[in-house]
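J.: just need the structure, nothing else, for what follows:
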Amino acid sequence: MTAKNILWSLAALCLGSAYAMAQDIPFTSDMQKADALVRAGRYWDTNALLTAATFAPDGSVKDKMLFQYWSQFTPFVTNEVDPIVYDRAGRFGAPDPSWATRIAAAEPRDAIAEIVARAKTTRIVILNEAHYSPRDRAFAWQVARALRPLGYDVLAAEAFGNNPESPGGPTPAERLAQDRIVRRSLGMYTLDPVFANYVRGALALGYRPIGYEQTAAQQTPEGGVPEREQAQAENVMAFLRAHPTARLLIHVGHGHVLEGGAKKPEYAMMAQRLKQMSGIDPLTIDQTRLSELASNARPALQVAAPRLHGKPVVFFEGDRPMILGSAEDSVDLQIVHPPRRYVKGRPDWPANLGGRPRAIPRDLLPQRGARLIQVFAADASDDTVPLDQVLVEAGKPVPVLMVPNVPIRFVTQGNGAMVAGSSK
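T.: Sure thing, here's the model as predicted:
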């Protein structure tokens, strides 16, 4: 997916303007500069540019479009954005009092167990993410791992680039399938180390990665969101026809997961179009609407929290899964994640990806200001996505890195210098 497509699709699908057209979304020079910087691996410079362009000195948001881009990118280096920042930006609406009431009366069930039970009766599972929430990607890895014993063997991701990198050459998704290296060129969201580790884990389990995003050849100037939804569904359908026994985990953003509820046929999202084309009833799972990052969901989540016991759950009303908000009657399951906890300066959920805590060498810590500490596999090429990265500020507690048990090397960005080191 191109950076421009990311921006207009985010605007269309995240902020409620569900059918905005691509040409209505400005693509500013700051966004173009940021895209070029991060694709060159300059995460620190990207974050600095977007932060300066997005916020006024008093912390207020001065450019709402840039805020969307900033809120997608900054978690690549921080794992999370403080919910207060979203509140200041007026990102979410008022809470619905009925949510808390319904949760209080509902029965929680283990989310992974419920997904596995239902996935046995279909060959397509569609799971969404909020593009500003890497924790959703960590949960997606748990889902991928749980589905593999059922024969699910394809990971189809909106995030995987689906246009050839050169005339006649492979797409980024095809290149990934060939060499199994998560490069920065794979896509925008996969620049997040959390997403990259999810993909690496899926590859290790035997998943085949495929891209299904709308291609340049499928775009027309007036096409907009309906054209994109149709192209995505057609691309998945083409793969299904060619591979009639494949079982797919499809990773989407936000509203692409909706398999119903469109008021007009042209408003149908990818999941609904795919369901109609294939005759397959997919298992559709939303994990974006009941998020602690969303101010309108927090009152309900406060009621839910004591009943989660540290695990993602699905609430049931009688024998039916409870679906709250605009996804009601449009998805099969809705995930409620446990409250966020922090361990050694990091959220606790990165541990779900299988990494182990690793201290940062003292000689890499900043003496003043801040520094981005990155860790790569020792033999990784210069264009790969880091295994992990953290921001470290002088004089503040030092967070740990979460890395697999492999030889590694360190790289630092910031403080006006680039420093590299290695560890065996």
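J.: now the helix or strand where Ala231 lies - C-alpha only, CSV.
T.: Secondary structure assigned from DSSP states H and E places Ala231 in helix 224-242. What follows is helix 224-242 as a C-alpha-only set of coordinates in CSV (Å, rounded to 0.1, in the frame of the first residue of the first chain):
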residue,chain,number,x,y,z
GLY,A,224,-12.3,6.0,-4.0
VAL,A,225,-13.2,3.6,-1.2
PRO,A,226,-15.8,1.4,-3.0
GLU,A,227,-13.4,0.7,-5.7
ARG,A,228,-10.7,-0.2,-3.2
GLU,A,229,-13.0,-2.6,-1.3
GLN,A,230,-14.0,-4.3,-4.5
ALA,A,231,-10.4,-4.7,-5.7
GLN,A,232,-9.4,-6.2,-2.3
ALA,A,233,-12.2,-8.7,-2.4
GLU,A,234,-11.4,-9.6,-6.0
ASN,A,235,-7.8,-10.1,-5.2
VAL,A,236,-8.5,-12.5,-2.3
MET,A,237,-11.1,-14.3,-4.5
ALA,A,238,-8.6,-14.9,-7.2
PHE,A,239,-6.3,-16.6,-4.7
LEU,A,240,-9.1,-18.7,-3.3
ARG,A,241,-10.0,-19.9,-6.8
ALA,A,242,-6.4,-20.8,-7.5
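J.: helices or strands next to it in the packing?
T.: For helix 224-242, the packing partners by 3 or more Cβ pairs under 8 Å, 6 or more residues apart in numbering; DSSP states H and E come out as helix 3-14, strand 154-157, strand 248-253, helix 270-278. In short, each C-beta sits where N, CA and C put it, glycine included.
J.: does Leu274 touch Ala231 like I think?
T.: No. Contact criterion Cβ atoms under 8 Å: Leu274 and Ala231 do not qualify, at 11.5 Å.
J.: compare the two (neighbour count), which wins?
T.: Using other Cβ atoms under 10 Å as the criterion, Leu274 and Ala231 rank with Leu274 on top: 27 against 21.
J.: from Ala217, how far off is that one?
T.: Per Cβ to Cβ, to the nearest Å, Leu274 is found 20 Å from Ala217.
J.: spatially nearest residue to Arg228 (excluding sequence neighbours)?
T.: Gln214 (4.7 Å; Cβ to Cβ, 6 or more residues apart in numbering).
J.: what about the one you found, helix or strand, and which?
T.: Counting by DSSP H and E, Gln214 is part of no helix or strand.
J.: next helix or strand past the longest strand that the chain contains?
T.: For the chain, the strand that runs over the most residues, judged by DSSP state E, is strand 370-377. Next helix or strand after strand 370-377 toward the C-terminus (DSSP H and E): strand 388-393.
J.: around Val314, count how many other residues there are.
T.: The local packing of Val314 (other Cβ under 10 Å) involves 24 other residues.
J.: which residues does it form a beta bridge with?
T.: Beta-bridge pairing of Val314, defined through DSSP bridges, involves Arg109.
J.: just the pLDDT for it.
T.: Confidence at Val314, expressed as pLDDT, is 98.
J.: which residues are in contact with it?
T.: The contact partners of Val314, taken as Cβ atoms under 8 Å, 6 or more residues apart in numbering, are 108-111, 114, 321-322, 333-336.
J.: distance of Asp326 relative to Leu249?
T.: Careful, residue 326 is Ser; it's not Asp. Where Leu249 is concerned, Ser326 sits at a distance of 24 Å (Cβ to Cβ).
J.: looking at those two, which one has more neighbours?
T.: Leu249 (24 against 14).
J.: what domains does the record give for the chain?
T.: The domain map for the chain lists 3-88, 97-334, 355-423, with the assignment taken from automatic domain parsing.
J.: in TSV: the ones you listed, plus distance to Lys344.
T.: Shown next, in TSV, are these (distance: least, Cβ to Cβ, whole Å):
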stretch	distance to Lys344
domain 3-88	13
domain 97-334	17
domain 355-423	5
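J.: residues touching the nearest residue to Ala359 once chain neighbours are set aside, list them.
T.: With sequence-adjacent residues excluded and distances taken as Cβ to Cβ, 6+ apart, Ala359 is closest to Val400, at 6.1 Å. Contact analysis of Val400 by Cβ under 8 Å, 6+ apart lists 344-346, 357-360, 390.
J.: which stretches of the stretch 101-250 of the chain form helices?
T.: For the stretch 101-250 of the chain, applying DSSP state H, counting those that start in this stretch gives helices covering 111-119, 134-147, 172-179, 193-205, 224-242.
J.: nearest to Ser29, of those?
T.: Among those, helix 224-242 comes nearest to Ser29, with 23.4 Å by Cβ to Cβ.
J.: returning to that earlier point: these two touch, right, the residue nearest to Arg228 and Glu234?
T.: No. Using Cβ under 8 Å as the test, Gln214 is too far from Glu234 to be in contact (9.1 Å).
J.: okay, the two: which has more neighbours?
T.: Taking other Cβ under 10 Å, Gln214 and Glu234 do not tie; Gln214 has more neighbours (24 against 16).
J.: report pLDDT for the more buried one.
T.: 96.
J.: cool, and the one 4 residues further on?
T.: Reading off the confidence values, Gln218 has pLDDT 96.
J.: mind listing what the closest residue to it other than its chain neighbours touches?
T.: Spatially, and ignoring its direct neighbours in sequence, Gln218 is nearest to Ala231 (4.1 Å; Cβ to Cβ, 6+ apart). Ala231 sits next to 213-215, 218-219 when contact means Cβ under 8 Å, 6+ apart.
J.: return the members of the residues you listed classed as buried.
T.: The neighbour-count test (16 or more other Cβ atoms under 10 Å) marks 213-214, 218-219 as buried among the contacts of Ala231.
J.: could you check how far the residue nearest to Gln218 is from Pro172?
T.: 17 Å.
J.: what's the answer for Pro306, then?
T.: Between Pro306 and Pro172 the distance is 44 Å, computed by Cβ to Cβ.
J.: neighbour-wise, which of those two wins?
T.: Pro172 (25 against 8).
J.: tally of neighbours for the closest residue to that one other than its chain neighbours?
T.: Distance criterion Cβ to Cβ, 6+ apart; nearest residue to Pro172, sequence neighbours excluded, is Gly161 at 3.3 Å. Per other Cβ under 10 Å, the neighbour tally for Gly161 reads 25.
J.: ok, Val411 next?
T.: 19.
J.: wouldn't it be in contact with Ala377 here?
T.: No. Shown here, Val411 and Ala377 do not form a contact pair, counting by Cβ under 8 Å, at 11.9 Å.
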